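*Asks:* The sequence and its predicted three-dimensional model are supplied below.
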Amino acid sequence: MRRNGPPSLTGDRHWRGSARLAVSCALAFAALSLLIDWDAGTLTPSRAALWLTLSTAAFVVLLPPRVTAGPGWLAVRGTLRRHTVRTDALVAVRLLGDVSSHLVLRDARGHRLELDPRVLAANPLLWHELDTGVRRSLERGTLRQGADLLERLGREIDDTTARAVLRESGLS
């Protein structure tokens, strides 16, 4: 008898490295600030608590959101909340900002999430899950705004990937 395993999850393959960097920076900040304060002879329990609180705040700011996807859904987990949308029931897709752009996805249930398009470009499997869901949304007629934006983003991701493959193979 064969059991069905858990649904296949796809995640940001660079997230762990970014999370380690956030932890390293926060720990380095805590260690240096405590060491400097101790060397100056001004370290008190309240100042130590202040430095540890500031280090925790630096960690929270530096920790990137974790993006995961599966068949028909995409999720972004931040420090405090998790936002999930049904990619097979998308209603609108928008791109906010010029320099630091964010892709905003909204589904038929009213759920909304924001993510950096660079995460999709760096993770082809995440892009594939989103693209598959977008195609289903288009087939069902729910996606009314932003299909052209996703098509353009898909071409950019495909072009970048093709250039990287050509560069690595020595053909470019």
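*Replies:* Done, it's in.
*Asks:* can you tell me which residue is nearest the centre of the chain?
*Replies:* Nearest to the mean C-alpha position of the chain, counting by Cα atoms, centre = their mean, stands Val67 at 4.2 Å.
*Asks:* pLDDT averaged over the helix or strand where that one lies - what is it?
*Replies:* Secondary structure assigned from DSSP states H and E places Val67 in strand 66-70. Per-residue pLDDT values across strand 66-70 average out to 94.
*Asks:* Off-centre distance for stretch 91-110?
*Replies:* Distance of stretch 91-110 from its chain centroid, counting by Cα atoms, centre = their mean, to the nearest Å, is 13 Å.
*Asks:* outside of it, which residues touch it?
*Replies:* Residues outside stretch 91-110 that contact it (Cβ atoms under 8 Å, 6 or more residues apart in numbering): 74, 85-87, 89-90, 112-117, 120, 134, 142-147, 149-150, 153. Where you see a C-beta, it was placed from the backbone N, CA and C, and this is true even at glycine.
*Asks:* thinking again about what came up before, who does the strand holding Val67 pair with, and is each partner parallel or antiparallel?
*Replies:* Here the strand partners of strand 66-70, with direction, are listed using DSSP bridges: strand 10-11 (antiparallel), strand 73-77 (antiparallel).
*Asks:* would you turn those into a markdown table with mean neighbour count and mean pLDDT?
*Replies:* Listed next are the strands paired with strand 66-70 as a markdown table, based on neighbours: other Cβ atoms under 10 Å; pLDDT from 0 to 100:
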| stretch | mean neighbour count | mean pLDDT |
| --- | --- | --- |
| strand 10-11 | 18 | 87 |
| strand 73-77 | 20 | 95 |
